[in-house]
Structures are given as structure tokens and as C-alpha cells.
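Trainee: kindly generate the corresponding structure for this input.
(one chain, ligands or ions: 1)
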Amino acid sequence: MSKPKLFITRRWPKAVEEAAKEEFDVTLNDKDIPLSIEDMSNALKRYDAISPTVTDILSPKVFDVENLSCKILCNYGVGYSHIDIPSAKNLGICVTNTPDVLSDCTADIAMTLMLMAARRAGEGERELRADKWDGWRPTHMIGAKVTDKTLGIIGFGRIGQAMASRGHFGFGMKINIFSRSQVSAEILGKYNAKQFSSVEALLEESDFVSLHCPGGASNRHLINASNLAKARSGLILINTARGEVVDETALADALENNVIKAAGLDVFDGEPKINPILMAAPNLVMLPHLGSATKETREEMGFRALENCKAFFKGDTPMDKVA
Ligand code: 8YV
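Mentor: Residues are numbered from 1 along each chain as shown. Reported below is the predicted structural model:
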């Protein structure tokens with residue numbers, strides 16, 4: 001029997017590309033640049049399976065194809081708001097993601113940003129490298145203490161809980177959470193966490209707020225000018241979820257006018273283009289979407305995508321089926 005044709009849209013770590021070739025008739029995107037709408041539509045006609053990433057925008061227009069061949073989109077990544085799920089469902093295309101394997105590393109990056117923003121690490125490094133540091137003094141570059149403060153977490157899935165674990169057990173933080181569904185008493189109890197029924201209330205009651213909810217239309221601008229205005233004085237905001245969750249203009253204004261103290265972003269609306277208003281914002285630490293970027297995790301993401309794809313072609317339900 002011939003192997004299913006799998007198109008991998010961006011280059012993967014070598015070990016996973018090799019494993020993919022054992023099971024599938026693999027085509028790689030040798031240029032390793034994002035595909036155009038046209039290329040993606042053509043891929044849907046040409047391959048049995050496609051493994052896209054966050055850089056592939058699978059909008060309804062992309063799915064508007066005749067002679068469809070693709071039966072599964074085994075996404076490389078946990079977030080899948082770049083895939084129009086209703087279109088995929090209409091065409092009977094199965095969609096899977098890669099949860100679990102990136103929870104620790106994404107929470108680690110959120111922690112990195114939280115500490116950098118609180119302790120002014122980016123600013124400090126820039127001062128030093130610019131040869132502008134004139135020595136230690138008691139009032140130099142004073143930041144905010146993290147230990148024992150209150151951490152608000154928006155979205156309490158696997159990554160949100162990994163963040164709670166770091167904050168609570170590592171830094172003695174009090175944990176507040178906002179989640180649309182009721183979190184079980186058992187899970188809340190693990191971190192001694194308190195669930196809030198609105199984002200505003202969470203912002204009012206937290207020193208730090210870290211975002212761990214999905215992106216997409218339903219969470220677009222969940223953080224906006226109106227709720228930032230209610231934030232506790234000195235709030236530090238961290239986003240490792242998706243760029244669109246934060247209204248970037250409102251965030252830049254809030255930083256400029258000291259409505260909040262600082263922010264750390266790993267994701268951006270329309271990335272990799274960065275809104276110039278953010279480039280100019282003070283007290284902002286920015287990273288280029290590094291959440292899952294470790295050797296271990298990027299390999300595990302690939303293996304997990306392959307497992308889903310293999311299960312599908314065996315006739316089983318893939319373990320990470322989302323549609
Ligand atoms: C991935 C992420 O690197 O998995 C996710 O949702 O945000 C990142 O960590 C990227 O999305 C891969 O598609």
C-alpha cells in the first residue's frame with residue numbers, strides 16, 4: 001500500500017522530519033517561508049495530509065477548492081485559531097493539535113517575561129550594552145517584587161495551570177483565575193486559586209496578569225482600554241497566548257500613561273509585523289514567539305502531530321482531534 005502524502009509546511013527538527021519520512025510520503029517546504037493563500041489551496045488539492053503551523057492562515061477563502069484531497073490537518077502547535085474550523089468541518093477535514101508537550105516551556109517563557117518586565121531586565125541589558133551604566137546606587141532601576149504577590153491567570157487549561165504551579169510553588173504567589181467555564185474545586189485547591197467571574201475583577205485584584213486562553217474571534221481584545229482602566233495600580237501584563245487577545249493600541253496607551261506599570265509580550269496581532277505603537281512603548285519586553293522554542297518541545301510537537309496523523313490513517317480517532 002502506498003504511503004499517504006503528507007505536506008509539512010515549515011521545516012521541523014531533523015529527528016522528526018526523519019520519523020515522518022518513515023511513515024509518510026513527505027513533502028517539505030524547502031524555502032521554509034509562509035505559504036501564500038494560493039499555495040495552501042493547491043496543497044489541499046494535492047496532499048492527503050497537511051501539517052500547518054501558526055504562520056499558515058487557513059481562512060475560509062483557502063478552503064474554497066474543488067477536487068479536495070486533504071483529509072487531515074495535523075497542526076504543529078496547540079493553538080489553532082489560524083484554521084477556520086467551520087470550513088474544515090464542512091469539507092469533512094479532521095483537525096488535530098499538539099497539547100501537553102509545550103505546556104512547561106510556554107509557562108517558562110511567561111515566567112521569563114514576568115520576571116523581565118518586573119525587574120526591568122531588558123532595560124538593564126540595553127543600558128549596559130550601550131555603555132551607559134554608571135555604577136551601582138540604591139535608587140538605580142528599581143523594579144517590582146514578584147515573590148508573594150498576586151498572579152491573575154486568564155485561561156486555566158494546561159498552560160495556565162503550569163503557570164499557576166510556577167507562580168504558587170516557586171514564588172509563593174497568590175493565584176487568581178478567570179475562565180469561562182467553572183474550574184473544579186479540586187484543581188483550584190491544588191494552587192489555592194480563586195476563580196473570578198469577570199476579566200475586570202481579575203485585573204482589579206491582581207499585581208500580575210498572564211494570558212493563557214485561546215486566540216480567535218471570541219477572545220479578540222479581551223484585554224482592552226475599558227478593562228485596563230480598572231486594573232490595579234502597578235499591574236504587569238504578560239501575553240504568551242495570541243496577539244489578538246490584547247488591544248495593542250490600548251496597551252501602548254496604558255503603558256504610556258502609567259495606567260499599568262509594564263508588560264511582556266511573546267505574541268503579536270499580525271506577527272511577525274510589530275505594531276509601531278508597541279515598538280515605541282515604554283516598559284515593554286518583547287520576544288519573537290519563543291513559547292515552545294526548545295529542542296525537546298519542538299521535537300515532541302512534531303512527534304505528537306505525526307502520532308495524530310498515523311492514527312487517522314489507521315482508521316482510529318486521533319488523540320488530539322479538535323474537529
Ligand atoms: C508554536 C504556539 O510554536 O503551539 C502554539 O500554539 O503558540 C507556539 O508555541 C506555534 O504555534 C506552532 O504552530
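Trainee: helix, strand, or coil at the spatially most central residue of the chain?
Mentor: Compute the mean C-alpha point of the chain, and by C-alpha atoms, centre = their mean the closest residue is A241, 3.3 Å away. Using DSSP: H, G, I helix; E, B strand; the rest coil, the structure places A241 in coil.
Trainee: could you find the closest non-adjacent residue to whichever residue of the stretch 201-323 of the chain sits closest to the ligand?
Mentor: Residue nearest to the ligand within the stretch 201-323 of the chain (C-beta to the nearest ligand atom): S292, separated by 3.2 Å. The C-beta positions use only the backbone N, C-alpha and C, and glycine is treated the same way. Nearest in space to S292, with sequence neighbours left out and distances taken as C-beta to C-beta, 6 or more residues apart in numbering, is L102 at 4.0 Å.
Trainee: so how many other residues sit close to that neighbour?
Mentor: 26 (other C-beta atoms under 10 Å).
Trainee: how about the residues of the chain near the ligand?
Mentor: For the chain, the residues in contact with the ligand (C-beta under 6 Å from any ligand atom) are 53-54, 76-79, 102, 106, 291-292.
Trainee: got a list of contacts for the lengthiest helix in the chain?
Mentor: Secondary structure of the chain per DSSP state H: the longest helix is helix 295-314. Contacts to helix 295-314, defined as C-beta atoms under 8 Å, 6 or more residues apart in numbering, come from residues 4, 6, 12-13, 15-17, 19-20, 23-24, 48-49, 51, 71-72, 74-77, 94, 96, 98, 100-102, 104-105, 292, 317-321.
Trainee: for PyMOL, write the select line for the buried members of those.
Mentor: Remark: buried members of the contacts of helix 295-314, expressed as a PyMOL selection using 16 or more other C-beta atoms under 10 Å:
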select buried, resi 4+6+12+13+16+19+20+24+48+49+51+71+72+74+75+76+77+94+96+98+101+102+104+105+292+318+320+321
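Trainee: among the contacts of helix 295-314, name the ones in helices.
Mentor: 15-17, 19-20, 23, 104-105.
Trainee: per-residue confidence at A280?
Mentor: Here the pLDDT value assigned to A280 is 89.
Trainee: show me what contacts it?
Mentor: A280 neighbours (C-beta under 8 Å, 6+ apart): A252.
Trainee: go on, the one 10 residues further on?
Mentor: For L290, the contacting residues are 109, 266, by C-beta under 8 Å, 6+ apart.
Trainee: figure out the helix or strand that it lives in.
Mentor: Under DSSP states H and E, no helix or strand contains L290.
Trainee: which residues touch R10?
Mentor: By C-beta under 8 Å, 6+ apart, R10 lies in contact with 29, 32, 34, 53, 55, 76.
Trainee: just among the residues you listed, which is most surrounded?
Mentor: When neighbours are counted by other C-beta under 10 Å, Y76 leads the contacts of R10 with 24 neighbours.
Trainee: nearest residue to S197 other than its sequence neighbours?
Mentor: In space, S197 is closest to F178, 7.8 Å off (C-beta to C-beta, 6+ apart).
Trainee: let me know whether that neighbour touches K194 as I believe.
Mentor: No - judged on C-beta atoms under 8 Å, F178 makes no contact with K194 at a distance of 10.2 Å.
Trainee: more neighbours, the two?
Mentor: Counted by other C-beta under 10 Å, F178 and K194 do not tie: F178 has more neighbours, with 25 against 14.
Trainee: what's the neighbour count on G315?
Mentor: G315: 6 neighbours (other C-beta under 10 Å).
Trainee: got a pLDDT number for it?
Mentor: Here the pLDDT value assigned to G315 is 98.
Trainee: quick one on the thing from earlier: skipping its backbone neighbours, what lies nearest the residue nearest to the centre of the chain in space?
Mentor: Of all residues not flanking A241 in the chain, L211 sits nearest, at 4.3 Å (C-beta to C-beta, 6+ apart).
Trainee: who are the contact partners of that neighbour?
Mentor: 154-155, 222-223, 237-241, 245-246.
Trainee: show me those that map onto helices.
Mentor: Among the contacts of L211, no member lies in helices (by DSSP H).
Trainee: from those, pick the one nearest D266.
Mentor: Of all the contacts of L211, D266 sits closest to T240, with 4.4 Å by C-beta to C-beta.
Trainee: the closest one and V285 touch, don't they?
Mentor: No - counting by C-beta under 8 Å, T240 stays clear of V285, with 11.7 Å between them.
Trainee: buried set for stretch 220-232?
Mentor: Buried residues in stretch 220-232, counted by 16+ other C-beta under 10 Å: 220-224, 227-228, 231-232.
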